[in-house]
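J.: here's my sequence, what's the structure:
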Amino acid sequence: MFSYCAEPDTLSTFRWFSCYLTNGVHMSFYLSFVKVLLLLAITAPVALGFGFIGAMAARSHFPPLSWLGKGYIAIVRGVPDIAFFLFFVIALDQALEWTRHKVLCPEWTDPIRQGSDFIVCAQAKLPLGTAPEWMHETYGFFLAVITFSIVFGAFAANVLFGGMRAVPHAQLETAEAYGMTRRQTFWRILVPQMWVYALPGLSNLWMVLIKATPLLFLLGIEDIVYWARELGGTKTSQFTSYPHGDWRMWYFLFLLVFYLAMTKVSEVGLERLMQRLSHGQATTGGEAQRKAAA
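T.: Numbering: from 1, shown residues only. Take a look at the predicted model:
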């Protein structure tokens, strides 16, 4: 980064740290924070979409669809997150490669499963062996987003299902008495009001999602936990030019501050959102706002 970084052994303390913290490997560490924020930005709305679809299915009057929605909620919520993450990523990756293998290599006669090995033709690999590194990283990130979304979508579905049931049934009956169809009642009466009941649960789910981002490390993605361990440890080849002691405590302390800051910002934002949603609602929060305005 700086011209004087060519000979680290001759540098003073300040210059040594300026070179150490701006080294290319540290830039990968800083980039990993962007990965975490990007994961949250993409996963949250996708998981909410999964949850909304799951909640709609669970409250459906068509029994098979209702069973499907409730089964999705029960099964995914009942499996430990780590077990689901490790199993689903492998299963999804192999399912995609198996499908490509059947389409691209119909002449293949050898079995795909050979003992504990899963072998497909070179054209079916995802990504291809000749693909650049960024495509491998993007593909791994895509699998992580899908896995996070399915897991947290099940929890969101349970929260939204409870929020839908919390809307006073008398309001739905009134809407039907005014001639609204079931679909109009759902979209114009039920959905706008359910959010104020569902937001506390969704807020907790958002906090859990933030805390779950270190699971990227288990999926083979070089996230902030991976780099904190690599850069802070002494038995690493990342910094042969900048040897140091065991600094993992300081790196993980930095991660602690980062997650606490994320939590605080989220609390402020969610509190403002709750105040906005409570405005005019027949809830404790809405009543408090009416009394304050009076």
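
J.: could I get the full set of strands for the stretch 1-150 of the chain?
T.: 113-114, 117-118 (DSSP state E, counting those that start in this stretch).

J.: ok, the last one: who's next to it in the sheet?
T.: It refers to strand 117-118. Its sheet considered, strand 117-118 pairs with strand 113-114 (antiparallel) by DSSP bridges.

J.: what about the protein, any weak spots by pLDDT?
T.: Where the chain drops to pLDDT under 70, the residues are 1-4, 6-11, 234-241, 279-294.

J.: what about the helices in it?
T.: 13-21, 24-58, 63-78, 81-104, 133-166, 169-177, 182-185, 191-212, 224-232, 248-278, 284-293 (DSSP state H).

J.: these: which one's closest to Pro127?
T.: Each of those was scored for nearness to Pro127 using C-beta to C-beta, and the closest is helix 133-166 (4.6 Å). C-beta coordinates here come from the backbone N, C-alpha and C atoms, glycine included.

J.: what angle do the closest one and helix 24-58 make?
T.: Here the directions of helix 133-166 and helix 24-58 differ by 30 degrees (axes from the mean of the first three to the mean of the last three C-alpha atoms, to 10 degrees).

J.: list the buried residues in helix 133-166.
T.: By 16 or more other C-beta atoms under 10 Å, the buried positions in helix 133-166 come out as 140-141, 143-161, 163-164.

J.: need the helices of the chain in JSON lines with distance to Gln114, can you?
T.: JSON lines is the format used below for the helices of the chain (distance: least, C-beta to C-beta, whole Å):
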{"stretch": "helix 13-21", "distance to Gln114": "47"}
{"stretch": "helix 24-58", "distance to Gln114": "34"}
{"stretch": "helix 63-78", "distance to Gln114": "30"}
{"stretch": "helix 81-104", "distance to Gln114": "13"}
{"stretch": "helix 133-166", "distance to Gln114": "23"}
{"stretch": "helix 169-177", "distance to Gln114": "57"}
{"stretch": "helix 182-185", "distance to Gln114": "52"}
{"stretch": "helix 191-212", "distance to Gln114": "35"}
{"stretch": "helix 224-232", "distance to Gln114": "31"}
{"stretch": "helix 248-278", "distance to Gln114": "40"}
{"stretch": "helix 284-293", "distance to Gln114": "60"}
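
J.: next one: the residue nearest to Trp247 when sequence neighbours are not counted from Tyr251, what distance?
T.: Closest residue to Trp247 apart from its sequence neighbours, by C-beta to C-beta, 6 or more residues apart in numbering: Gly232 at 4.4 Å. From Gly232 across to Tyr251, the span is 4 Å (C-beta to C-beta, to the nearest Å).

J.: surely Met180 meets Phe186?
T.: No - when contacts are counted by C-beta atoms under 8 Å, Met180 is not listed as touching Phe186 (9.3 Å).
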